[in-house]
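# Here's my sequence, what's the structure:
(2 chains)
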Amino acid sequence: MGQYLLSTHAATGGAPQGAPTSPEQMQEFMARVIALEAEMDETGTFVFGGALAGIDAATVVQDRAGEALLTDGPYVEAKEHIAGFYIINAADLDEALAWGRKAAAATNHAIEVRPFHATGKVADHMPQAGA
Amino acid sequence: MEAGRSAPASIEATFREAYGKAVANLVRVFGDITAAEDAVQDAFVVAADRWPDSGIPPNPAGWIITTARNRAIDRFRREVRGRELLELAMVEPETDSPTPFDDAGVADDELRLIFTCCHPALRLEHQVALTLRLLGGLSVAEVAGAFLVTEAAMTKRLTRAKYKIKAANIPYRVPAAAELPDRLQAVLTALYLIYNAGADRESGAGLRTEAIRLSRELTGLMPDEPEVAGLLALLLLNESRMAARWESGDVVLLRDQDRSLWDQGRIEEGQAIVRSCIRRDQPGPFQLQAAIQAVHSSARSVEATDWSQIVVNYDRLMEIAPTPIVALNRAIAVGELHGAVQGLHALDEIAGSLAGYHLMHASRGAMLRRLGRLEDAAAAYERAADLAEHDADRRLLRRQADEIVESLRSGPRAVDPSS
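Model prediction:
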């Protein structure tokens, strides 16, 4: 049993490609996402997750000799940024990829699947599947 | 293989045969690819020392596995990391007397490792490198040489691929029935790619032999999968022509090959497999391609080839696996069956999607030449030569273009009566 990050990306300054554009589409989109999260919950897959605000809301903090140096904007200037993510429990990559596929279908967007290792106190509080 | 350097050829061949089986079994035991590779390497050193005097044991793979296991466990005990691994794997060291070996179990392990190496989450070039290294037992230098990269670059490639298998926990198992068709397709594609990498040049015999050996091994592991048999038949039939395919470093086209040089033993084996596939009646892309090659193999010349049979098989291939390359080959076969006008027509329909592929332009050149459109033909061959990746192909195509230009200068236009 391991944990994986499922993340989705959005174009800078815009909605994710394939994102809903009408209220009706938005409703369907939310229904799909809620159903996915419910299924993740029932199977002990869901650990944590959600959507991120746009990168215009981001601030980078650095420690410069004890002083905080703040920069308005994201750390990496890129065309795409993480828009939302789930941390899931999965037995192996095949299982994680199967959830990734469901998330891609629900969000209508590509999903990156990457192994995740919780650390420190967070690790102690991470639920394990079947627990 | 370092251990094999001083060993006689038969021991070397035995190592090659045993390598994949031993690594596959020990990956399951240790749960770690690098530990498995190291242990097998250790066992080969012992074997290279003993076998020249004692002879090759009756079950070499079993001997290597038992020796590798025992020596690895000894070594793990001496290392902290190893002790942890040992606890993790919960393996008990075996006694000095080698335990009777479970060949069926090892076969299952080999199958698991093939599916791990060819997992679709790994990029194709990594799948191929892992398959050759772990299952084929080729040294890193040999794998690097096969793909014309430096040994350092290949080491990096293998390290990255093994890191991903471990970190992402790519499973070590044969996929469930629902996933099997897609996953098996990935394995067969990797083996086919290995063969073709060896068919691109005259010195590629090692890769071709290894692709055939692994395909043969796979037919034994998955006897109920007709596509596995189809791949083996396809490789055998392609291989049967290799002696006729090269002349002083240049490619000889199928139509120009000396068919008396074709290997009848391989042709018979390939054709027998194709016949048994037809009886099973579960066609797939590799079986259909093998069936097409079987038709070529039984023809005494290009003219005597049953082109209608070939077009029928390409039509079926277009139904189940339509790709631009299949469409190109179909157009060529249509040109042989119905003449260059219809062939060119079929080619024009797909020209857009293959504008960057040298063989599309070469085929156009051949058909235009048959139609007497010599300036257009020469231009098509020139374009093909510009696009060709391999020197041998480029030389062949340039020669065709030069020939046409020469004939334009020296004589009146002649129309091939057959078109």
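# Would you confirm that A:I55 contacts A:D72?
No: judged on C-beta atoms under 8 Å, A:I55 makes no contact with A:D72 at a distance of 10.4 Å. Bear in mind the C-beta positions are built from the backbone N, C-alpha and C, glycine included.
# Tell me which of these two has more neighbours.
A:I55 (19 against 9; other C-beta atoms under 10 Å in any protein chain shown).
# distance of the spatially closest residue to the more buried one that is not a sequence neighbour from chain B?
Closest residue in space to A:I55, ignoring its immediate chain neighbours: A:P74 at 4.4 Å, by C-beta to C-beta, 6 or more residues apart in numbering or on different chains. A:P74 sits 26 Å away from chain B, going by C-beta to the nearest C-beta, to the nearest Å.
# Identify each buried residue in the helix or strand hosting B:D109, please.
Using DSSP states H and E, B:D109 sits within helix B:103-117. For helix B:103-117, a neighbour-count test (16 or more other C-beta atoms under 10 Å in any protein chain shown) marks B:106-117 as buried.
# And stretch B:55-68, by the same measure?
Buried residues in stretch B:55-68 (16+ other C-beta under 10 Å): B:56-57, B:59-68.
# Just give me the residue right at the centre of chain A.
In chain A, the residue lying closest to the centroid (C-alpha atoms, centre = their mean) is A:F85, at 0.4 Å.
# so when I look at that residue, I'm seeing a helix, right?
No: under DSSP: H, G, I helix; E, B strand; the rest coil, A:F85 sits outside any helix and is assigned strand.
# packing partners for the host helix or strand of B:E406?
Secondary structure assigned from DSSP H and E places B:E406 in helix B:391-410. The contact analysis (3 or more C-beta pairs under 8 Å, 6 or more residues apart in numbering or on different chains; DSSP states H and E) places helix B:391-410 against strand B:250-251, helix B:358-370, helix B:374-387.
# Ramachandran coordinates for A:D72?
Backbone torsions for A:D72, taken as degrees, to the nearest 10, come to phi -70, psi 130.
# whoops, I mixed them up, B:T305
Here is the backbone geometry of B:T305 (degrees, to the nearest 10): phi -80, psi 140.
# What count of nearby residues applies to the nearest residue to B:G206 once chain neighbours are set aside?
Distances taken as C-beta to C-beta, 6+ apart put B:G198 closest to B:G206, at 6.8 Å, once the chain neighbours are dropped. For B:G198, the count of nearby residues is 22 (other C-beta under 10 Å).
# Show the contacting residues for B:G198.
B:146, B:204-211 (C-beta atoms under 8 Å, 6 or more residues apart in numbering or on different chains).
# Likewise for B:L328?
B:L328 touches B:347, B:350, B:354, B:357, B:359-360, B:363, counting by C-beta under 8 Å, 6+ apart.
# rerun at 10 Å
Neighbouring residues of B:L328 by C-beta atoms under 10 Å, 6 or more residues apart in numbering or on different chains: B:314, B:346-347, B:350-351, B:353-354, B:357, B:359-360, B:363-364.
# go on, A:F116?
Going by C-beta under 10 Å, 6+ apart, A:F116 touches A:2-6, A:47-48, A:85-89, A:96, A:126.
# Now do the strands in chain A.
Taking DSSP state E to define them, one finds strands in chain A at A:2-11, A:46-51, A:59-64, A:67-72, A:80-90, A:111-116.
# now the longest helix belonging to chain A against strand A:80-90, angle please.
When chain A is parsed with DSSP state H, its longest helix is helix A:23-42. Taking axes from the mean of the first three to the mean of the last three C-alpha atoms, to 10 degrees, helix A:23-42 and strand A:80-90 form an angle of 30 degrees between their directions.
# tell me which strands and helices helix A:23-42 is in contact with?
Using 3 or more C-beta pairs under 10 Å, 6 or more residues apart in numbering or on different chains; DSSP states H and E, the elements in contact with helix A:23-42 are strand A:46-51, strand A:80-90, helix A:93-107.
# any chance of those in CSV, with distance to B:H296 and mean pLDDT too?
Output for these, formatted as CSV (distance: least, C-beta to C-beta, whole Å; pLDDT from 0 to 100):
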stretch, distance to B:H296, mean pLDDT
strand A:46-51, 56, 92
strand A:80-90, 48, 93
helix A:93-107, 40, 95
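# can you put the ones you listed in TSV and add distance to chain B?
Shown next, in TSV, are the helices and strands packed on helix A:23-42 (distance: least, C-beta to the nearest C-beta, whole Å):
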stretch	distance to chain B
strand A:46-51	16
strand A:80-90	8
helix A:93-107	5
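# In chain B, where is pLDDT below threshold?
Counting by pLDDT under 70, chain B contains low-confidence residues at B:1-7, B:80-102, B:411-419.
# Quick check: residues of it near chain A?
Listed as neighbours of chain A in chain B under the rule C-beta under 10 Å from any C-beta of the partner chain: B:119-121, B:164-173, B:175-176, B:179, B:183.
# so how far is chain A from B:D224?
Look at B:D224 and chain A: by C-beta to the nearest C-beta, they are 22 Å apart.
# contacting residues for that residue?
By C-beta under 10 Å, 6+ apart, the contact set of B:D224 is B:280, B:282.
# For the closest residue to the residue nearest to the centre of chain A other than its chain neighbours, name its beta-bridge partners.
Take A:F85 and drop its neighbours on the chain: the residue closest to it by C-beta to C-beta, 6+ apart is A:S7, 4.2 Å away. Under the criterion DSSP bridges, A:S7 forms beta bridges with A:F85, A:E112.
# surely A:S7 meets A:I82?
Yes: here A:S7 reaches A:I82: they are 5.1 Å apart, a contact under C-beta atoms under 10 Å.
# any shared contact partners between those two?
Joint contacts of A:S7 and A:I82 (C-beta under 10 Å, 6+ apart) are A:52, A:112.
# Look at B:E217 and say how many residues are nearby.
B:E217: 21 neighbours (other C-beta under 10 Å).
# What of B:E247?
B:E247: 12 surrounding residues under other C-beta under 10 Å.
# What of B:E12?
By other C-beta under 10 Å, 16 other residues sit near B:E12.
# now the one 5 residues further on
A total of 16 residues lie near B:E17 under the criterion other C-beta under 10 Å.
# swap in A:G2?
A:G2: 19 surrounding residues under other C-beta under 10 Å.
# How is the spatially closest residue to it that is not a sequence neighbour classified with respect to secondary structure?
Excluding the flanking residues, the one nearest A:G2 by C-beta to C-beta, 6+ apart is B:N169, at 5.4 Å. Following three-state DSSP, the label given to B:N169 is coil.
# correct me, but B:N169 touches A:V113?
No: with contacts counted by C-beta under 10 Å, B:N169 stays clear of A:V113, the gap being 11.1 Å.
# the more surrounded of those two?
A:V113 (22 against 19).
# Now do that one, the pLDDT please.
Per-residue pLDDT puts A:V113 at 98.
# same thing with A:G130?
Looking at A:G130, its pLDDT is 44.
# Where do the strands of chain B begin and end?
Using DSSP E, the strands assigned to chain B run over residues B:246-247, B:250-251.
# right, so the ones you listed: which one is the most enclosed?
Per-stretch averages of neighbours, counted by mean count of other C-beta atoms under 10 Å in any protein chain shown, single out strand B:250-251 among the strands of chain B, with a mean of 16.
# other SSEs contacting it?
Looks like strand B:250-251 contacts helix B:391-410 (3+ C-beta pairs under 10 Å, 6+ apart).
# which parts of the helix it packs on are buried?
Neighbour counts over helix B:391-410 (16+ other C-beta under 10 Å) mark B:393-394, B:396-398, B:400-401, B:404-405, B:407 as buried.
# Tell me who's in contact with the nearest residue to B:R266 once chain neighbours are set aside.
Leaving out its chain neighbours, the residue that sits closest to B:R266 by C-beta to C-beta, 6+ apart is B:S240, at 3.9 Å. By C-beta under 10 Å, 6+ apart, the residues touching B:S240 are B:261-271, B:293, B:296-297.
# Give the ChimeraX command for selecting the buried subset of those residues.
The buried residues among the contacts of B:S240 can be selected in ChimeraX (16+ other C-beta under 10 Å) with this line:
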select /B:262,263,266,267,269,270,271,293,296,297
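# Please consider this matter closed, and thank you.
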